[in-house]
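> would you be able to build a 3D model of this:
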Amino acid sequence: MPPISIERLYISPGHNFFGRHGLSAGINPLQEVGEIECIAGHGVRGDRFFDYKEDYKGQITFFSGEVFEDVCHALGIHGKAPGSTRRNVITRGVHLNDLIGKSFSVQGIDFEGVVECKPCFRMDLAIGAGAEAALQGRGGLRARILTSGFLRIDLEASLPVTLSATSF
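Numbering: from 1, shown residues only. This next block holds a predicted model:
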């Protein structure tokens, strides 16, 4: 498995898009932080999906920095931050869809990759026209948190991702 680097971390206290179909986007701020606390079975402390529902498949979300750059380049979009995707963890160095159905570890915390974060029409509003289509099949990863701990932005080196032998 190639090394994975954590480039950015985000939390938001409320939903701007999720559960708001047919309504305008919410106005909850997105906070970029240096570390997030992952609580096994519950989610990311301080985030809108913390204790959202039991065994929720999206306790934490991951998104590829490479994909974000590719989409922005393809669409001629400049000046947007990857936080506009409203995912918790912006990564580099791993194809996130490869983690669907697998247990994996990042910075000593165990996760279970559950399903792709499928992009919706709001990506066109958040990133730019054409973003929803450009993100099909690469919208990020929803995962469950299996062990508690802190994820931090990698300042110098990429840390390895360890995949377990088990898949579900």
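
> scan this protein for its longest helix.
Among all segments of the chain classified by DSSP state H, the helix with the greatest residue count is helix 65-75.

> which helices and strands does the next helix or strand after that helix pack with?
Counting by DSSP states H and E, the element after helix 65-75 in chain order, helix or strand, is strand 89-92. Secondary structure elements in contact with strand 89-92, counted by 3 or more C-beta pairs under 8 Å, 6 or more residues apart in numbering; DSSP states H and E, are strand 3-11, strand 60-64, helix 65-75. In this view, the C-beta of every residue, glycine as well, is placed from N, C-alpha and C.

> just name the most buried of the ones you listed.
Among the helices and strands packed on strand 89-92, ranked by average contacts under mean count of other C-beta atoms under 10 Å, first place goes to strand 60-64 (a mean of 24).

> separation between Ile127 and Asp154?
Plainly put, Ile127 is 24 Å away from Asp154 if you go by C-beta to C-beta, to the nearest Å.

> more neighbours: the two, which one.
Higher neighbour count among Ile127 and Asp154: Ile127, with 23 against 17, using other C-beta atoms under 10 Å.

> can you pull out the strands in this structure?
Under the criterion DSSP state E, the chain carries strands at the ranges 3-11, 31-33, 35-39, 43-44, 60-64, 89-92, 102-106, 109-116, 141-145, 149-152, 159-160, 162-167.

> can you tell which of these is closest to His73?
Minimum separation from His73 across the strands of the chain (C-beta to C-beta) falls at strand 60-64, 13.6 Å.

> quick one: mean pLDDT over that closest one.
Taken as a whole, strand 60-64 has an average pLDDT of 96.

> show me the shaky parts of the chain.
By pLDDT under 70, the low-scoring segments of the chain are 1-3, 14-29, 155-168.

> ok, the most centrally placed residue in the chain - contacts?
Residue closest to the mean C-alpha point of the chain, counted by C-alpha atoms, centre = their mean, is Phe62 at 2.3 Å. The contact partners of Phe62, taken as C-beta atoms under 8 Å, 6 or more residues apart in numbering, are Arg87, Asn88, Val89, Ile90, Thr91, Leu96, Leu99, Gly140, Leu141, Ala143.

> how about CSV for those residues, with distance to Phe150 and neighbour count added?
CSV is the format used below for the contacts of Phe62 (distance: C-beta to C-beta, whole Å; neighbours: other C-beta atoms under 10 Å):
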residue, distance to Phe150, neighbour count
Arg87, 18, 25
Asn88, 13, 27
Val89, 12, 26
Ile90, 16, 25
Thr91, 16, 26
Leu96, 21, 24
Leu99, 20, 22
Gly140, 21, 27
Leu141, 19, 28
Ala143, 16, 29
